[in-house]
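> Got a predicted model here, sequence first, then my questions.
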Amino acid sequence: MNKRLEDIINNLKRFKGFSIEDVSFVRAPGRVNLVGGHTDYNLGYVLPCSVNKDIIIGGFNYNGNKATFSSLNFNKSYTFDIEDSSMINEHWINYIKGIITEFKNKGHKVNGLKAVIHGTIPMESGMGSSGAYEIALALLFKTLNNVEISDIDLVKLCYKAEKEFLGIETGVMDQYASLFGKKNSAIFIDCKTLDYKIINIKQKDIELLVINSNVKRSAKKALNQRKSECAEAVNILNENGLEINSLRDLSADNFEKYKHFLPKIIAKRVKHIVYENERVLTAKESLEKGDLETVGNCMKESHVSLKEDYQVSCKELDALFDILINHKGVYGSRMTGAGFGGCVIALIDKKEEKNIIERVENRYPKMTGISPSIYPCEISDGASSLDVVIN
């Protein structure tokens, strides 16, 4: 048994009513997105991978209507009534309340429980920590309450909790990638139909390097603004002769034909989404062929577009991109997540990992005055229950 599980169990033992036979354990991974920045909430295409940074929760049912959760990361515990859906200052608890609320809205009973949480996904890094947290919570409630719900409906439940309960205007990619990911594979997701395809990565000598800029800025306001700008673009284009439901429905040819109807700043946003969707499709086809050079080029073009057209990068993310992009062994690099901080990812040749890391550790502090955090990541399986053997 690994130390994380031991720590979770030792903290569960402090709860009244603990019996190891009654405890359920679940795990949900974070993700990185190879290509497809901000296309998910425009119902477009994305190409993420789930990674071996994750959230594990252990919990057991307890009589009554009280829920007690302890976070090992925050070194905090909080108890609340299952029926109390009011928001509080402890944001990590609001996620729990949101998932509980959506289970109850679907007619499922949620029992009182006690649980302990531990995560290794860097928060506010663009690695999908919130989506993984939601999926882990939903799997725990599903397991403890014997709820029959399909995987796709579980994803939709988590997405609805984030959007309607927490008020975060985002897409469905993070939850989807966390639940449906497969080891050594990317997952191509159509965010309009929710169809997906697992794409096995043929090369075994590659690795994902995640470099945290260690710049943390809230992207919520900007994310909501970008979504509003995209919705405005759809309205303007429909008023001028097109019939589209989202920017996913806008072809590159029609964008070029109709872009003069759009205000300049909104045209830049639309340009990114239209051509980013094309980059995802190109990267998907290239990954299926084992053409990593083209996949890498799509990643590079994605970052430039996110910087110049969608305008969600920052000088620190751009510094990391510049350090990585022409280094030996780097196929491609781009910012990942909502932006304005967080992480840059690089698809690299494993043999060059040491040299690449040394280059980043040497140059990034000189350019920014900040030390990076670097995570070599394996592409992992998606979320699941854990079978814990007690010795």
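Yes, it's here.
> In this protein, which residue is most central in space?
Closest to where the C-alpha atoms of the chain average out (C-alpha atoms, centre = their mean) is Gly128, at 2.4 Å.
> For that residue, grab phi and psi.
With angles defined as degrees, to the nearest 10, Gly128 sits at phi 70, psi 30.
> That one contacts Ser178, doesn't it?
Yes. Between Gly128 and Ser178 there is a contact at 6.3 Å, judged by C-beta atoms under 8 Å. For every residue, glycine as well, the C-beta is placed using N, CA and C.
> list residues touching both of those two?
Shared contacts of Gly128 and Ser178, defined by C-beta atoms under 8 Å, 6 or more residues apart in numbering, comprise 30-31.
> Please enumerate the strands of the stretch 1-150 of the chain.
With DSSP state E, counting those that start in this stretch as the criterion, the stretch 1-150 of the chain has strands at 24-35, 45-61, 66-71, 76-81, 113-119.
> and the closest residue to Ser24 other than its chain neighbours, how many residues sit next to it?
Of all residues not flanking Ser24 in the chain, Thr143 sits nearest, at 4.6 Å (C-beta to C-beta, 6 or more residues apart in numbering). Neighbourhood size, Thr143 [other C-beta atoms under 10 Å]: 14.
> ok now do Ile9, which residues does it touch?
Counting by C-beta under 8 Å, 6+ apart, Ile9 touches 20, 23, 58, 388.
> if you compare the strands of the stretch 1-150 of the chain, which one is most tucked away?
Of all these, strand 24-35 has the most neighbours on average by mean count of other C-beta atoms under 10 Å, namely a mean of 28.
> Determine the set of other helices and strands touching it.
strand 45-61, helix 129-144, helix 173-180, helix 264-289, helix 292-308, strand 330-336, strand 343-349, strand 384-386 (3 or more C-beta pairs under 8 Å, 6 or more residues apart in numbering; DSSP states H and E).
> Now render those as JSON lines, adding mean pLDDT and distance to Tyr364.
What follows is the helices and strands packed on strand 24-35, written out as JSON lines (pLDDT from 0 to 100; distance: least, C-beta to C-beta, whole Å):
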{"stretch": "strand 45-61", "mean pLDDT": "96", "distance to Tyr364": "20"}
{"stretch": "helix 129-144", "mean pLDDT": "97", "distance to Tyr364": "22"}
{"stretch": "helix 173-180", "mean pLDDT": "93", "distance to Tyr364": "26"}
{"stretch": "helix 264-289", "mean pLDDT": "97", "distance to Tyr364": "26"}
{"stretch": "helix 292-308", "mean pLDDT": "97", "distance to Tyr364": "16"}
{"stretch": "strand 330-336", "mean pLDDT": "96", "distance to Tyr364": "13"}
{"stretch": "strand 343-349", "mean pLDDT": "95", "distance to Tyr364": "10"}
{"stretch": "strand 384-386", "mean pLDDT": "94", "distance to Tyr364": "35"}
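> any chance of those in JSON lines, plus distance to Thr79?
As requested, these are arranged in JSON lines below (distance: least, C-beta to C-beta, whole Å):
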{"stretch": "strand 45-61", "distance to Thr79": "13"}
{"stretch": "helix 129-144", "distance to Thr79": "16"}
{"stretch": "helix 173-180", "distance to Thr79": "26"}
{"stretch": "helix 264-289", "distance to Thr79": "44"}
{"stretch": "helix 292-308", "distance to Thr79": "42"}
{"stretch": "strand 330-336", "distance to Thr79": "35"}
{"stretch": "strand 343-349", "distance to Thr79": "34"}
{"stretch": "strand 384-386", "distance to Thr79": "25"}
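> For the helix or strand containing Asn254, name the packing helices and strands.
For Asn254, the host element (DSSP states H and E) is helix 252-258. Under the contact definition 3+ C-beta pairs under 8 Å, 6+ apart, helix 252-258 sits against helix 264-289.
> Can you point out the buried residues in stretch 214-223?
Across stretch 214-223, burial judged by 16 or more other C-beta atoms under 10 Å covers 214-215, 217, 219, 222-223.
> Now do the end-to-end distance for that stretch.
19 Å (C-alpha to C-alpha, to the nearest Å).
> Need the residues that contact it.
With contacts defined as C-beta under 8 Å, 6+ apart, stretch 214-223 is touched by 124, 168-170, 312, 314, 316-317, 337-342, 370-373.
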